[in-house]
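[1] Here is the input, now give the coordinates:
(one chain, ligands or ions: 1)
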Amino acid sequence: MKVHLIRSEGFDIEDFNNVLNLLKATKGTIEFVPSEPIILPEFENYINFEDLKSFEKKGMPQFSMNESMRMENRVFPMKTPVFTWEQLFGICKDFRSDNNIPDADHVMLLTEQANDLNWFGAIDASMKNYFIHTADWDHYFQNNVDVRFPITYEIVVWLLRSMMFKNRNEIIDNIHENAQGCMMDFCQNKKEITIKMRTADLCPSCTSLITKKDIRKNYLKQLFDTMESIRKNLLFRQRSVLLNEPSRLEIRGYSKNIFLSDLGDLQINLTPKEKTLYLLFLKHPEGINLSYLIDHKLELTAYYSMLSRSGSPEQVETVISNMINYEYANDISIQFSRIKNKFVAALGEFGKQYTIEKVGDKHKIVLNRELVQFID
Ligand SMILES: [Zn+2]
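    Purely as a prediction, here's the structure:
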């Protein structure tokens, strides 16, 4: 079974890739296929959020206002452009016909644009086209990279619904209006989803409903495994900060891509130049004095020529010479701070264990190397 994930242009590519990594971290026969980004048509409709409450919800219930502190940058009433559901499903349908997607495949649009009913995700009458709203999750998390968890959760829940129910009316009939701590709760606000992700559970009546349906067990297993990995990742993140236990770091394949494996394969995207320096310092836990960087020229050259695929030997030579030349020390500190920003963006203050820091007269990565693994 294939699920095509389409990204609308405004949904950040790194977030999109992180969602995909999280989905792909679980083995199974549901294959998630990323697409080229899609440019959405012009807006025709607007929604007017009277206040914070209406912004956070599909419906009416009260919501604790202590979350509002992080909303300073939003002023209500707030007018936001929206698409209708039919417009969003229309984008899925166009994608199908433009790309000759078989009817049996599922197509999901991941978009930062809101919809007229302010839902976080929905399915069309064919039960094969979906949209997932990717924006505004940052409001509920301190750390931006965590937005991949609710987005992935929504993807899995909607796939599960498409397997459990024949049509949309059946979904509405069976979904729990009052929260049961079940994946099939009709979460009226996003806050509820952030709590539900920590349990990743189905209530007894949904469990019995699933057993009565003819759903392939390997699909179910994969979806539940993904839920479980979201849950574990959230717990790991909490605990690791508490106990000061960082995630394992994996360097994979020929491209030496960097993954935090205990955090749902969160990928840290470094440029070839940044990665070249990072690999050098990773391989030298004792640290390196920058004035002696020249001693590592061969090693740096080997990494960079492997990582910058298009670079000619002359270009590689120029980049590495500039890197080790002390006159260009500024260039190196720019690289260090870019690397640092990427880790800190992903891990908060905790990220500093992974970055190249000055300790005495040397620069080093302090991370315990037992947590580091190279996988070819
Ligand atoms: Zn249930």
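[2] Find the least confident helix or strand in this protein, judged by mean pLDDT.
    helix 52-56 (a mean of 73; mean pLDDT, DSSP states H and E).
[3] Beyond it, next helix or strand please.
    Tracing the chain past helix 52-56, the next element assigned as helix or strand by DSSP states H and E is strand 78-83.
[4] got the angle between the very next helix or strand once past that next one and strand 78-83?
    Remark: after strand 78-83, the chain's next helix or strand is helix 85-99, criterion DSSP H and E. Using axes from the mean of the first three to the mean of the last three CA atoms, to 10 degrees, the direction of helix 85-99 lies 40 degrees away from that of strand 78-83.
[5] Name the residues that touch helix 85-99?
    With CB atoms under 8 Å, 6 or more residues apart in numbering as the test, helix 85-99 has contacts from 4, 6, 8, 35, 38, 40-41, 44, 101, 105, 107-109, 111, 113, 115-117, 119, 122, 124, 129-131. Where you see a C-beta, it was placed from the backbone N, CA and C, and this is true even at glycine.
[6] Quick check: residues of the chain near the ion?
    Counting by CB under 5 Å from the ion, the chain comes close to the ion at 182, 184, 203, 206.
[7] what sits against the residue of the stretch 251-376 of the chain found nearest the ion?
    For the stretch 251-376 of the chain and the ion, the shortest gap (CB to the ion) falls at G264, measuring 24.7 Å. G264 sits next to 21-22, 25, 148-149, 229-230, 233 when contact means CB under 8 Å, 6+ apart.
[8] And it, how far from L277?
    Distance, G264 to L277, using CB to CB, to the nearest Å: 26 Å.
[9] How about L270?
    Noted for L270: a distance of 9 Å to L277, by CB to CB.
[10] And F76, by the same measure?
    46 Å.
[11] Which of these two has more residues huddled nearby?
    For F76 and L277, the more surrounded residue by other CB atoms under 10 Å is L277, and the numbers stand at 24 against 15.
[12] Could you export the one helix or strand the more buried one maps to as CSV, CA atoms only?
    Assigned by DSSP H and E, L277 falls within helix 272-283. The C-alpha coordinates for helix 272-283 follow below in CSV (Å, rounded to 0.1, in the frame of the first residue of the first chain):
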residue,chain,number,x,y,z
PRO,A,272,29.0,19.1,3.1
LYS,A,273,31.4,21.7,4.6
GLU,A,274,29.8,21.6,8.0
LYS,A,275,29.7,17.8,7.9
THR,A,276,33.4,17.6,7.0
LEU,A,277,34.3,19.6,10.1
TYR,A,278,31.9,17.7,12.2
LEU,A,279,33.2,14.3,11.2
LEU,A,280,36.8,15.4,11.9
PHE,A,281,35.9,16.5,15.5
LEU,A,282,33.7,13.5,16.0
LYS,A,283,36.7,11.3,15.2
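[13] Just the mean pLDDT for that helix, thanks.
    Average pLDDT, helix 272-283: 96.
[14] Which strands or helices does that helix pack on?
    Counting contacts by 3 or more CB pairs under 8 Å, 6 or more residues apart in numbering; DSSP states H and E, helix 272-283 is packed against helix 297-307, helix 313-324, helix 329-347, strand 356-359, strand 362-365.
[15] Quickly list what's touching both of L270 and L277.
    Common neighbours of L270 and L277 (CB under 8 Å, 6+ apart) are I339.
[16] For the protein, which residues score under the pLDDT cut-off?
    For the chain, the stretches with pLDDT under 70 are 57-74, 139, 141-145, 190, 326, 328-329.
[17] tell me the domain ranges of it?
    2-242, 249-375 (automatic domain parsing).
[18] follow-up on the earlier one: please, a PyMOL command that selects the buried ones among the contacts of helix 85-99?
    Selection of the buried residues among the contacts of helix 85-99 in PyMOL, burial being defined by 16 or more other CB atoms under 10 Å:
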select buried, resi 4+6+8+35+38+40+101+107+108+109+111+113+115+119+122+124+129+130+131
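[19] so of the contacts of G264, which ones are in helices?
    Residues of the contacts of G264 located in helices (DSSP state H): 21-22, 148-149, 229-230, 233.
[20] coming back round to it: okay, the residues of the chain next to the ion in a markdown table with neighbour count next?
    Listed next are the residues of the chain next to the ion as a markdown table, based on neighbours: other CB atoms under 10 Å:
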| residue | neighbour count |
| --- | --- |
| C182 | 17 |
| M184 | 21 |
| C203 | 16 |
| C206 | 20 |
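[21] List the buried residues for stretch 90-103?
    90-93, 95-96, 101.
[22] so how far is V147 from R161?
    Applying CB to CB, the value for R161 to V147 is 21 Å.
[23] and what of E44?
    27 Å.
[24] go on, E42?
    Taking CB to CB, one finds E42 at 26 Å from V147.
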